[in-house]
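1. With the sequence up front, the predicted model follows.
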Amino acid sequence: MKRFLLLLAILVPIVSQAASATDKLTKSRIKACISDFSSCEGVEVVHLGRFATGAIKGAASVAALGDSDVREALGLMKEIKSISIFDYGSCSEADKEAIAARLDGILTHGEVLMEAKDGDDKVKIIGVIDDKSGVIHDYVLYAPNDCALICIFGNKQNEKLVHIVDND
């Protein structure tokens, strides 16, 4: 399931839809939540900064030399600055409830761009779209049943995403 979430995190810009948020989902609020709960027993946190994401994008571009569709998708990843992965599935039930309540409170300030359900499993893609500039800011994938949060920090032009979706 975690591989699926990571793959979904990379492909999210391709399927994002235009929306507007009344209050902003901010990087600092998400990072503060992750920082506050990172010391709990059973929490796993992975931060990929600019250097690591740049290395991943470079390796992926070399691997996709002959495929124009993959190259176009990699172009969408160009503006991703960092990725954070927060897994709290091995925590105590009390910690899980506290973390879920805090995340739910933070994520209500974003716009649900997409929601996928598979039986009882649910994954939400939440972000902020600036209607004036058409830019998608910092979005997250949240799977409450799997106790996982993937944060993708960066900006994406909405019209580029619409162009990719229309061509498929």
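-> All right, it came through fine.

2. Could you confirm residue 91 falls within a helix?
-> No: Residue 91: not assigned to a helix; according to DSSP: H, G, I helix; E, B strand; the rest coil it is coil.

3. Leaving out chain neighbours, which residue sits closest to it?
-> Nearest-residue entry for residue 91: residue 42, 4.0 Å, with adjacent residues in sequence omitted and distances by CB to CB, 6 or more residues apart in numbering. To be clear about C-beta, it is placed using only N, CA and C from the backbone, and glycine gets the same treatment.

4. Next one: the one you found, what pLDDT does it get?
-> If you check residue 42, the pLDDT there is 93.

5. and it, that one's in a helix?
-> No: Residue 42 sits outside any helix when classified using three-state DSSP, being coil.

6. Just checking: what are the partner strands of the helix or strand in which residue 82 is found?
-> Following DSSP states H and E, one finds residue 82 within strand 80-87. Here strand 80-87 has these sheet partners by DSSP bridges: strand 44-48 (antiparallel), strand 148-157 (antiparallel).

7. what's the burial count for residue 88?
-> 24 (other CB atoms under 10 Å).

8. ugh, wrong one, I meant residue 134
-> The burial count for residue 134: 15, using other CB under 10 Å.

9. For the remainder of this discussion, apply numbering that starts at 21.
-> Okay, residue one is now 21; in that scheme the one you just asked about reads as residue 154.

10. Assign the residue lying farthest from the centre of the chain to helix, strand or coil.
-> For the chain, the residue at maximal distance from the C-alpha centroid (CA atoms, centre = their mean) is residue 86, at 27.5 Å. Under three-state DSSP, residue 86 falls in the coil class.

11. circling back: quickly compare the strands paired with strand 100-107 and say which is most buried.
-> strand 168-177 (a mean of 21; mean count of other CB atoms under 10 Å).

12. ok now that one, how far from the chain's centre?
-> 4 Å (CA atoms, centre = their mean, to the nearest Å).

13. quick one, what contacts the residue nearest to residue 57 when sequence neighbours are not counted?
-> Nearest residue to residue 57, sequence neighbours excluded (CB to CB, 6+ apart): residue 119, at 5.2 Å. Listed by CB atoms under 8 Å, 6 or more residues apart in numbering, the contact partners of residue 119 are 53, 57, 60, 63, 108, 111, 167.

14. Just read off the phi/psi values of the residue farthest from the centre of the chain.
-> The phi/psi pair for residue 86 (degrees, to the nearest 10) reads phi -90, psi 0.
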